[in-house]
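Asks: Provide a 3D model corresponding to the input given below.
(2 chains)
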Amino acid sequence: MLRNGWIIPLLPVAAFWLILFVGKRLPRKGAELGILATGGSLVLSFVAAYQWIDRVTGAEGGDHGGTEHALRAIGRSILPMAEEAHGAVVEPVIRTFTWWQSGGVEFTFGTHMDGLSVMMIVVVGIISLLVQIYSTEYMKGDEREVHYFAALNLFTAGMLIMAVAPNTVQLLLGWEIMGLCSFMLIGHWWEEKKNSDAAMKAFFTTRTGDIGLLVGISILFFAAGNTFDIVTLNERALAGEIGDTALFLGALALFVAVIGKSGQFPLHTWLPDAMAGPTPVSSIIHAATMVVAGVYLVARLYGVFWEAFDIADGGSNLIAIIGAITIVIAALLAFVQSDIKKVLAYSTISQLGYMVMGLGVGGWTAAVFHLFTHAFFKCLLFLGAGSISHSGSHHSFDMKRDMGGLRKAMPVTFWTFIIGTAALTGFPLTAGFFSKDEIIATAGQGGYDFFAWVGLAGAVLTAAYMTRVIYLTFFGEPRGAAAHHHPHESPKAITVPLMVLAALSLGAGFLNAVMFDIHKFQEWVEPTFAFPGVTHPEFEVGELVLALIAIAIGYGASYAYYWRGVGQGRFVERNALARGGYRILENKYYLDWLYEQVVVAGIKGPIAKAAYWINQYVIDAVVNALGIASREGGRWVYRNLDQRVVDGAVNGAGFTAGGSGAVLRKVQTGKVQQYGALLFGAAAVSGLVLVIVV
Amino acid sequence: MLLNQFLLLGAFLFCTGVYGVLARRNAVLVLMSIELILNSVNINLLAFAMRNGNLDGQVFALFIIAIAAAEVGVGLAMVLLIYRNRRSIALDELDALKG
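Replies: Modelled structure (predicted):
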């Protein structure tokens, strides 16, 4: 399966086309095809994972006597299998074929199977399968069910294509497929203006970052000696063969793309708005596809980022700083939301901040492990929120108005949501506990002390805002729809995925429990080939205690505020500072305002006005002045040289320059054919000139 | 060598196409004229491919045929939408570009 990994992304692609063409005639509108295809690629991913683990343990156990690992010729090579790996170096299994050639550069397509990509395709398979099963119930009877399932499959395929990409071109392809699918799915209910606006916003914001991806890929291509190959890029970057400036600029451009896609500060504003899409879509966007793509990009090209940002040196660097800012600002924003999905969206942004910070402080394994565990519990929380709105609060997501007291009516949703919350907040022995603590410990032990404290502060906030969600949703008196519409438990198609994800949220952490000296995840996933020496934290009791204190403070503060009512209703009103802070948070730091009113309106309003002004006064004045000057010059020539012809021509030039604006205005009729005629006429005249001159 | 005849045919087709694009009001006829222009280019490519004795021109011509098909698909879709919105496909009535 490692050699034939191309089948894995191909299945959802095939499902996409099949659903599009025959989905309408099927009883479940194509959902069965999607589930079949995704299930198939999930099984194959498991096979690949099994083979990879086998390969890793085999390579570590035996000495195969290979003296050198052959550097692959770019393209069409089939990597030698484990025999050639010596010591503990396990090379990725790479297969490529040439897509097209142009000017001596080969563009290849293929699969790059190593621990990271195998981990990613397994996660994508699990999440996508569960989300599709869930959607059969959640989206039942939707008028565009066929398109929904088709887009969901293409989305999955995009992420799989990106995950197995052996070169940056294929990576870009998968990345863009996801951008398109997120647009289609967020705007699934486009009849409402709000939803299609949100889709537009998501698309444009991520596009802003995508420019960086394209620029970064191009810079690295030229800087690393005409190669798109990811392994080669990492190798050359680590060997110092790429010039410092070019490497830094390339990595910086790529990081802009990461900021856009992974919702990092300051381009995080699209993610909460993306909640306009159906809940399963939010779930898959936040857990397995789309937003983790950015983190995955950094993890994949880690050699490049490692060298470009001098991660080994400690102190601080841009990646860690952006991650840390994102953790805190997003967690703070989560407090003022009344929409349950928006709280979860901000929580995702904050958790992505952890991953990016983890990568920035040299904790590759910790960050990727957090990506792995986060996928399960965040998917669980979103699907739980969907279950609440589906069966409990009559399609409302407003916690303050339409929820409350739902724990009795929806026991399965309640308990799975509690498990998801425990995992997200880092309750001991759940998945998030191990992965988040590993990031914090890595930061502390890798020379990034400040970022460890930020991580702990983030843990306090996470615990507090999630406890708030639990209180508003499941405890207290039922309000609004939850009181009037007879909430009940959701059907099996919804609760079963919830239970599976709950089990994963509880168990996944034990793959890399540093506390119990288990390093399976590190052993299986971390590349040993073309990879920098990342930090692996040791277990320290002091850090554990600090982390426990942090989440205890978070739980305790929220518990005191909501259940006991300590300081409720007075704190925000009485304290001017708190009121100011609340207003800033409510307006999301005025970032949207900045983008819409200052940047966009700035371009639309003042800059356009300035251009007009310049056009009116400066250019016209210049033209007039030129005309006058030419006329005066002409007179001078006339008087001095006595040549009427020249004088006339000069006058004519001045007159033409002055009047050309008026004439050209008439040319602008808006009729395409007239434009075409002008274009063609101009081309013909230029052609004639060319023929005569040459 | 028959090169001149091919080039003359190509030029004739090209001029016909340009005339069609610029002068016809009917959007479908304009699309057809664009096809004529593309085909005249194809003829030129093939003529020179034959003269130079290599296949590059033929490969280009194949590409153009494929892309022309896609272009007509998009073009007809646009014409259809314009028709749905305005009940007419007369191009001289479309002057929304004026701003």
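
Asks: which residues touch A:A409?
Replies: If a contact means CB atoms under 8 Å, 6 or more residues apart in numbering or on different chains, then A:A409 has A:G392, A:P487, A:H488, A:E489 as its contacts. Just so you know, the C-beta spots here come from the backbone N, C-alpha and C atoms, and that holds for glycine as well.

Asks: Going by residue numbers, what spans are helices in chain B?
Replies: Secondary structure of chain B (DSSP state H): helices located at B:3-23, B:27-52, B:56-86.

Asks: right, and the helix or strand after the strand or helix carrying A:A422?
Replies: Assigned by DSSP states H and E, A:A422 falls within helix A:411-425. Toward the C-terminal end, the helix or strand that comes next after helix A:411-425 (DSSP H and E) is helix A:431-445.

Asks: Give me the distance from the helix or strand just after that following helix to the chain's centre.
Replies: Next in sequence after helix A:431-445, counting helices and strands by DSSP H and E, comes helix A:449-474. Its chain's C-alpha centre lies 22 Å from the corresponding centre of helix A:449-474 when counted by CA atoms, centre = their mean, to the nearest Å.

Asks: Over to stretch A:374-383?
Replies: For stretch A:374-383 - counting by CA atoms, centre = their mean - the centre lies 16 Å from the chain centre.

Asks: which stretches of chain A form strands?
Replies: Assigned by DSSP state E, chain A shows strands spanning A:93-102, A:105-113.

Asks: between the ones you listed, which one is nearest to A:T365?
Replies: strand A:105-113 (18.5 Å; CB to CB).

Asks: got the angle between that closest one and strand A:93-102?
Replies: Here the directions of strand A:105-113 and strand A:93-102 differ by 160 degrees (axes from the mean of the first three to the mean of the last three CA atoms, to 10 degrees).

Asks: Counting by contacts, list what strand A:105-113 packs against.
Replies: strand A:93-102, helix A:168-186 (3 or more CB pairs under 8 Å, 6 or more residues apart in numbering or on different chains; DSSP states H and E).

Asks: Setting aside sequence neighbours, what's the nearest residue to A:F309?
Replies: Closest residue to A:F309 apart from its sequence neighbours, by CB to CB, 6 or more residues apart in numbering or on different chains: A:N317 at 4.3 Å.

Asks: oh sorry, the question was meant for A:K436
Replies: Computed as CB to CB, 6+ apart, the closest residue to A:K436 that is not its neighbour in sequence is A:G426, at 4.8 Å.

Asks: go on, A:P278?
Replies: Computed as CB to CB, 6+ apart, the closest residue to A:P278 that is not its neighbour in sequence is A:H188, at 5.6 Å.

Asks: How about A:L214?
Replies: Counting by CB to CB, 6+ apart, A:L214 lies nearest to A:L172, which is 7.0 Å off, once chain neighbours are set aside.

Asks: burial count for the one you found?
Replies: 20 (other CB atoms under 10 Å in any protein chain shown).

Asks: So it is in contact with A:V215, correct?
Replies: No - using CB atoms under 8 Å, A:L172 is not in contact with A:V215; the gap is 11.3 Å.

Asks: before we move on, could you check phi and psi at A:G404?
Replies: Taking degrees, to the nearest 10, you get phi 110, psi 140 for the backbone angles of A:G404.

Asks: isn't it right next to A:L472, touching?
Replies: Yes - assessed by CB under 8 Å, A:G404 is found in contact with A:L472 at 6.5 Å.
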